[in-house]
Every structure is written in structure tokens, then in C-alpha cells.
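Visitor: Sequence first, predicted model second:
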Amino acid sequence: MTPNHFFDLTNPANRAVYGYIKNLSVDPEVAEPLTTAIKPLGDVQVFIPDPGSCSYCAVSTKGIIFGFAIGRGIIVFRLDEKMKARAVATGGAAFPESGPEWVGFEPFRCDWPKIDFEFWARKAYCFVRENIP
């Protein structure tokens, strides 16, 4: 199965992020909060290229990636400027490796409030559905 069954590699909105994540892996414990957070959303596709090798986990809607999980502890969402600023102000960090609209969160930080991944997933999902062709 190729990525373009889940997201459109010809769309410029996906090129930078896919270029960054395509050779990365994810710990299954990191992917789980992302896949749980998207359950209440509508038209969402989850793509894990090779689950046996713990490949990255990307989520998309309308063929556009709006979130992904990589490594041993990062979940990243595509957000508009307003939500990106709020995300950074509340513990997220800009994640320019995948493009200017991305913010990363570390799900397993000691002595930090729990991150509301459902909130951030919904904001990223709505941003893509309403603003990116």
C-alpha cells in the first residue's frame, strides 16, 4: 500500500511533511494518543506504512496530512496561526521541520498537565477541512 492511498503526494501541502516523516519510526505508545484523539472526528484516514517496523503514524482528511506521531515521544499537528500561538503558549513547540504550520507536543512529560490531544486533533482537522484545498 502506498501513501497516496491515504494522502495526496502531489498536493504541495503534503510534500514537506511527508519528506520529513517518510523514513522515521514511532513507538506504538506514542501513536496511541494520536489514534485515540481522532476517533470522534469524521473523515479521517490513519496511515502506518509498516506497522511491524513501527513506521511513523500519519492522519489525514481530504488527502491532506493534519497530524503525525514520530519517535519516542512527539505528536505533531498542523494548525492555523491563532491555534499555533495558543499551542506554543500552552506547552507545544513550533515544529518547522515539517513546515511553518506545525506544532509538536511531548505526550509523556513528568510534572506537566495532561495534553488535550482531542482538542488539538479537532483544531488541526478543522483547519485542513476548511482552509487547505
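Guide: Structure received. Numbering: from 1, shown residues only.

Visitor: quick one: pLDDT of residue 9?
Guide: pLDDT, residue 9: 80.

Visitor: thought it was touching residue 18?
Guide: Yes: look at residue 9 against residue 18 with CB atoms under 8 Å: they come within range, at 6.2 Å. Where you see a C-beta, it was placed from the backbone N, CA and C, and this is true even at glycine.

Visitor: For beta bridges, what are the partners of the residue lying closest to residue 53 once chain neighbours are set aside?
Guide: Ranked by CB to CB, 6 or more residues apart in numbering and with sequence neighbours excluded, the top spatial neighbour of residue 53 is residue 25, at 6.8 Å. On the basis of DSSP bridges, residue 25 is bridged to residue 55.

Visitor: can you tell me how far residue 25 sits from residue 57?
Guide: 10 Å (CB to CB, to the nearest Å).

Visitor: Residue 9 and residue 18: who's more crowded?
Guide: residue 18 (20 against 13; other CB atoms under 10 Å).

Visitor: show me the contacts for the more buried one.
Guide: 3, 7, 9, 58, 65 (CB atoms under 8 Å, 6 or more residues apart in numbering).

Visitor: Contacts only, for the closest residue to the fourth one other than its chain neighbours.
Guide: So that's residue 58. Spatial nearest neighbour of residue 58, chain neighbours left out: residue 68 (4.4 Å); criterion: CB to CB, 6+ apart. Residues counted as contacts of residue 68 (CB under 8 Å, 6+ apart) are 17, 21, 34, 56, 57, 58, 59, 75, 76, 98.

Visitor: So in that sheet, which strands flank the strand ranked longest in the chain, and in what orientation?
Guide: Criterion DSSP state E: the longest strand present in the chain is strand 64-70. Partners of strand 64-70 in the sheet, by DSSP bridges, are strand 57-61 (antiparallel), strand 74-78 (antiparallel).

Visitor: Brilliant, that's me finished.
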